[in-house]
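Colleague: just coords:
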Ligand SMILES: Nc1nc2c(c(=O)[nH]1)N=C([C@H](O)[C@H](O)COP(=O)(O)OP(=O)(O)OP(=O)(O)O)CN2
Ligand SMILES: [Zn+2]
């Protein structure tokens, strides 16, 4: 299967409230997101994206619009983590993203996949689809999810 992958990076804070060790503390990561797409290669002479599954610039613009800009420099908090939610709410205009599950890299990758699959699916009327999302929380720790 032919795929293409676009790498994006963003910074976000989180904590894992019930973690047995350090990750219960509020801290941040520079996340690396790999977006892997599959689809037909465009065969149209004269088109900007001739020879491409999708222009890397267009992949980036859509990922920014629907996910990356929303999470970048946000604190991603579990809805049931009330002590942290109350603290974040006490700061005017704080960029907070509330999610319905603990913000582990597994859960963030799943949320990212579910958002992005709708964004890319069938784009431009082509057989385009999201094949895989890989999310690195640290250079040593990551999650992968495919369709
Ligand atoms: N399965 C998971 N385990 C852990 C997660 C997670 O999301 N899924 N998250 C954390 C922490 O939030 C943190 O991101 C990982 O910290 P750490 O284990 O210290 O990772 P490092 O790469 O920084 O560790 P090194 O020892 O420096 O390699 C914990 N577990
Ligand atoms: Zn962490």
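Modeller: Structure received. No experiment lies behind these values; they were computed from the predicted model shown. Ligands and ions are numbered 1, 2, ... in the order given.
Colleague: name the residues of the chain found near ligand 1, please.
Modeller: 16, 23, 29, 104-106, 137-138, 140-141 (CB under 6 Å from any ligand atom). Bear in mind the C-beta positions are built from the backbone N, C-alpha and C, glycine included.
Colleague: among these, which lie within helices?
Modeller: Of the residues of the chain next to ligand 1, the ones assigned to helices by DSSP state H are 105-106.
Colleague: center of the chain - which residue?
Modeller: Nearest to the mean C-alpha position of the chain, by CA atoms, centre = their mean, lies residue 112 at 4.1 Å.
Colleague: can you show me the strands along this structure?
Modeller: 3-14, 27-38, 74-78, 96-99, 129-138, 141-146 (DSSP state E).
Colleague: out of those strands, which is the most enclosed?
Modeller: Burial among those, expressed as mean neighbours by mean count of other CB atoms under 10 Å, is greatest for strand 74-78, which shows a mean of 22.
Colleague: returning to what we had before: just put the strands of the chain in TSV and tack on mean pLDDT.
Modeller: Shown next, in TSV, are the strands of the chain (pLDDT from 0 to 100):
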stretch	mean pLDDT
strand 3-14	98
strand 27-38	98
strand 74-78	98
strand 96-99	98
strand 129-138	98
strand 141-146	98
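Colleague: to residue 58, which of these lies closest?
Modeller: In terms of CB to CB, the element of those nearest to residue 58 is strand 3-14, at 9.4 Å.
Colleague: show me what that closest one is packed up against.
Modeller: Packing partners of strand 3-14 (3 or more CB pairs under 8 Å, 6 or more residues apart in numbering; DSSP states H and E): strand 27-38, helix 56-63, strand 74-78.
Colleague: ok, and what's touching that strand?
Modeller: The contact list for strand 3-14 (CB atoms under 8 Å, 6 or more residues apart in numbering) reads 26-38, 52-54, 56, 59-60, 63-64, 68, 71-77, 97, 103, 131-132.
Colleague: swap in stretch 48-57?
Modeller: 2-4, 6, 37-44, 58, 120, 123-124, 128.
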